[in-house]
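Q: coordinates for the following, if possible.
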Amino acid sequence: MKLKKILITLLIMGAFHSSYAENTGKLCFASSGEVDAAIVTRVMKHVEKYAQLATEQKVALDAAADLEALLKEHTKDAHDSVGLIVLAKLSGEDETHSLVSESNKVMVINVGAFAIDDAEKEGRRIERLVMRGLGTFLGMGSCPNPHCALFEYKGLKQLDSMGRNYCPPHMMEGFKALDKAGIKRLKPAPPQPKK
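A: Sure, this is the predicted structure:
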């Protein structure tokens, strides 16, 4: 079993390290309302590590009462970004988890809908949604694999049991989409031996 994990890791690392083009498109992040800066930093690092995509933090936005208002207010950045993800702490009582505009490549995530006393669990929930948003921006559809971040979950219990990354076929599809768009991917960190 351990050998199988090592072989899969090496296969993924080698297959995804193949091409690095000149374009340096990034996934942009912005916050709206009182969003903890540590959450923004955490999800940006997650994208850089698992999607091998550079990220950029934009200026904080004014607080809004609902996700729909935020989504309508923002359009894709004019430069060559992959998309914009807004992490929002709403001033209203909206319990919607997220909204996405595929055409504008904008996703708004209601971080308040995931607020619990367990910071690790809350961070993992938001990482899953960020990866879903990126997958949408890259043209990937939903996945029947419940361990893939693109799985169509039906509630927090299912969201908590999902993976925070893509399944191998969607991972390959995402990397191919970045390469096809000429977006330079970050070099993956080499695996660290466990002590």
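Q: name the nearest residue to Leu159, ignoring sequence neighbours.
A: Tyr153 (4.6 Å; Cβ to Cβ, 6 or more residues apart in numbering). (C-beta placed from N, C-alpha, C; glycine too.)
Q: apologies, that question was intended for Tyr50.
A: Leaving aside its sequence neighbours, Tyr50 sits nearest to Asn165 (Cβ to Cβ, 6+ apart; 4.6 Å).
Q: so that neighbour touches Phe151, yeah?
A: No. If you go by Cβ atoms under 8 Å, Asn165 and Phe151 don't touch, sitting 11.6 Å apart.
Q: doesn't the residue nearest to Tyr50 lie inside a strand?
A: No. Judged by DSSP: H, G, I helix; E, B strand; the rest coil, Asn165 forms no part of a strand; its state is coil.
Q: contact partners for it?
A: Tyr50, Met131, Cys148, Ala149, Met171 (Cβ atoms under 8 Å, 6 or more residues apart in numbering).
Q: which residue sits closest to Met131, ignoring its sequence neighbours?
A: Ala149 (3.8 Å).
Q: how close does that neighbour sit to Ala115?
A: Relative to Ala115, Ala149 is positioned 20 Å away (Cβ to Cβ, to the nearest Å).
Q: looking at the two, which is more packed in?
A: Ala149 (28 against 13; other Cβ atoms under 10 Å).
Q: so what does the more buried one have for phi and psi?
A: Main-chain dihedrals, Ala149, degrees, to the nearest 10: phi -70, psi -10.
Q: doesn't Glu68 make contact with Leu90?
A: No. Between Leu90 and Glu68 there is no contact under Cβ under 8 Å: 10.6 Å.
Q: and the residue nearest to Tyr50, how far from Ala30?
A: Between Asn165 and Ala30 the distance is 23 Å, computed by Cβ to Cβ.
Q: name the residues of whichever strand or helix holds Lys157 that come out as buried.
A: Per DSSP states H and E: Lys157 is located in helix 156-161. If you call a residue buried by 16 or more other Cβ atoms under 10 Å, then helix 156-161 has these buried ones: Leu159.
Q: and whichever helix or strand comes after it, how far out from the chain middle?
A: Sequence-wise, the next helix or strand downstream of helix 156-161 (DSSP H and E) is helix 168-180. A distance of 14 Å separates the centroid of the chain from that of helix 168-180, by Cα atoms, centre = their mean, to the nearest Å.
Q: the chain should start at 43 in everything you say after this.
A: New numbering, starting at 43: the last item is helix 210-222.
Q: alpha carbons of helix 210-222, as PDB, please.
A: The C-alpha atoms that make up helix 210-222 are tabulated as PDB, following Å, rounded to 0.1, in the frame of the first residue of the first chain:
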ATOM      1  CA  PRO A 210      -6.500  12.200 -10.500                       C
ATOM      2  CA  PRO A 211      -8.500  12.400 -13.800                       C
ATOM      3  CA  HIS A 212      -9.700  15.900 -12.900                       C
ATOM      4  CA  MET A 213      -6.200  16.900 -11.700                       C
ATOM      5  CA  MET A 214      -4.800  16.000 -15.100                       C
ATOM      6  CA  GLU A 215      -7.600  17.900 -16.800                       C
ATOM      7  CA  GLY A 216      -7.000  21.000 -14.800                       C
ATOM      8  CA  PHE A 217      -3.200  20.900 -15.500                       C
ATOM      9  CA  LYS A 218      -3.900  20.400 -19.200                       C
ATOM     10  CA  ALA A 219      -6.300  23.400 -19.200                       C
ATOM     11  CA  LEU A 220      -3.700  25.600 -17.600                       C
ATOM     12  CA  ASP A 221      -1.000  24.400 -20.000                       C
ATOM     13  CA  LYS A 222      -3.400  24.900 -23.000                       C
END
